[in-house]
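S.K.: need coordinates for the following:
(one chain, ligands or ions: 1)
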Amino acid sequence: MRVAMFTALMWAAVQAFNTPGIHPDAEASAQAQPERTKGPATDGKLNIIAFGAHPDDCDIRAGGTAAKYAALGHRVRFVAVTNGDAGHQTEGGGALAARRRAEAREAGRRIGIDYVVLDNHDGELLPTLHVREQIIRQIREWNADLVLAPRPNDYHPDHRYTGVLVQDAAYMVVVPNIAPDTPALRRNPVFMYFQDGFQRPNPFRPDVAVSIDDVIDKKIDMLDAHASQFYEWLPWVANNLESVPAGAAERKAWLRKSRGGEPNAAVRESLTKWYGAEKGNAVRHAEAFEICEYGTRPDEAMIRKLFPFLP
Ligand SMILES: [Zn+2]
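M.R.: Numbering: from 1, shown residues only. Down below sits the predicted model:
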């Protein structure tokens, strides 16, 4: 009798556990799945995905633009292609990767975007078929309209190969027999590069420049979430760790001062093209992007659709 009752209770417990929507983890993971492998968005919202080598790279180059998309209800995902487990003076390995992942999640939360950290080792990234397929799957799952990435010219090999890997994915996302477990896109997204300062073999060309004056506080708040980077590793490797203030408010003000540079002449010219002379010359903080020749090449009307906050 008691055995039968125990069995019945166990059966009920197992049923409750297996019922969709009952188990909290199952519900959370279902919500975390992007819905966009089936076709273009029908809700008028854009899907933007950006790739950086490390957890903080996308934030530096496109955090303000991402905050503007998020404020309008568009979907943005940042992807760190490595887990950041090497770039620190006193920490490393799995513990550092876990810290960086938590910082990235918090950074995304602060501006209302999704943040994925792929589990590839920091400082060891190579443009392999395995990582190329990871990137193809990310772009397909997000059903991206616009893909952002670094140019393949950079001092850091991880940055360089992230640029190569995204270029390598720029056509393959529409080829069904490549990574066939994730349905291919039926239209190639537009691909664009982040701004950088490298001059060879050719300097960055700011085809689009976005004023981020209205979201600069949000961007700094996002960067502030990466404490292990902006307050520890980056100042240490630049030999100015002693310049980082101790207090939370003071170091955030320091971060804003050190990261708030004026647009250069080429970006200024692009700003005046898109915003007009008066507004373009008044912009103090901007992010700029160069159209990649691979993927869909956008005309001006398409650029305005992809950057709906341009006037
Ligand atoms: Zn980096």
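S.K.: state which one residue of the protein is found closest to the ion.
M.R.: residue 54 (3.6 Å; CB to the ion). Heads up, the C-betas are built off the backbone N, CA and C, glycines and all.
S.K.: count of residues packed around that residue?
M.R.: Counted with other CB atoms under 10 Å, the neighbours of residue 54 add up to 29.
S.K.: mind checking the SS state of it?
M.R.: coil (DSSP: H, G, I helix; E, B strand; the rest coil).
S.K.: just how off-centre is stretch 255-269 within its chain?
M.R.: Offset of stretch 255-269 from its chain centre (CA atoms, centre = their mean, to the nearest Å): 20 Å.
S.K.: which strand in the chain runs the most residues?
M.R.: strand 286-295 (DSSP state E).
S.K.: now the next helix or strand after that one: buried residues?
M.R.: The first helix or strand that comes after strand 286-295 along the chain, using DSSP states H and E, is helix 300-306. Using 16 or more other CB atoms under 10 Å as the burial criterion, the residues of helix 300-306 that qualify are 303, 306.
S.K.: and the contacts of the lengthiest helix in the chain?
M.R.: The single longest helix within the chain, with elements called by DSSP state H, is helix 93-111. Taking contacts as CB atoms under 8 Å, 6 or more residues apart in numbering, the residues outside helix 93-111 that touch it are 54-56, 59, 63, 66-67, 70, 78, 80, 83-86, 88, 91, 114-115, 117, 119, 122, 215, 218-219, 221-223, 225-229.
S.K.: residue 298: neighbour count?
M.R.: 20.
S.K.: residue 238 too?
M.R.: Residue 238, neighbours per other CB under 10 Å, totals 10.
S.K.: and it, how far is that from residue 230?
M.R.: 11 Å (CB to CB, to the nearest Å).
S.K.: now do residue 46
M.R.: Distance from residue 46 to residue 230, by CB to CB: 29 Å.
S.K.: just the pLDDT for residue 3.
M.R.: Confidence at residue 3, expressed as pLDDT, is 47.
S.K.: contacting residues for residue 83?
M.R.: Counting by CB under 8 Å, 6+ apart, residue 83 has contacts 55, 97, 100, 101, 117, 118, 119, 120, 121, 122.
S.K.: buried subset of those residues, written for PyMOL?
M.R.: Applying 16+ other CB under 10 Å to the contacts of residue 83, the buried members can be selected in PyMOL as follows:
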select buried, resi 55+97+100+101+117+120+122
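S.K.: please identify which of the contacts of residue 83 is nearest to residue 179.
M.R.: residue 118 (14.4 Å; CB to CB).
S.K.: so the closest one sits right up against residue 77, yeah?
M.R.: No - contact between residue 118 and residue 77 fails when scored by CB atoms under 8 Å: they sit 11.9 Å apart.
S.K.: buried subset of the contacts of helix 93-111?
M.R.: Buried among the contacts of helix 93-111 by 16+ other CB under 10 Å: 54-56, 59, 63, 66-67, 70, 78, 80, 83-86, 88, 91, 114-115, 117, 122, 215, 218-219, 221-223, 225-226, 228-229.
S.K.: which residue is the nearest non-sequential neighbour of the residue nearest in space to the middle of the chain?
M.R.: Centroid check for the chain by CA atoms, centre = their mean gives residue 78 as the closest residue, at 2.0 Å. In this structure, residue 78 finds its nearest non-sequential neighbour in residue 58, 4.1 Å apart by CB to CB, 6 or more residues apart in numbering.
S.K.: and for the host helix or strand of that neighbour, what's in contact with it?
M.R.: Using DSSP H and E, residue 58 falls within helix 57-71. Residues from elsewhere that reach helix 57-71 (CB under 8 Å, 6+ apart): 46, 48, 50-52, 75-76, 78-80, 107, 111-113, 148, 150, 159, 162, 194-195, 210, 212, 214-216, 218-219, 222-223, 226, 259, 285, 287, 289, 307, 309.
S.K.: which residues sit in contact with residue 114?
M.R.: Contacts of residue 114 by CB under 8 Å, 6+ apart are 75, 76, 77, 78, 108.
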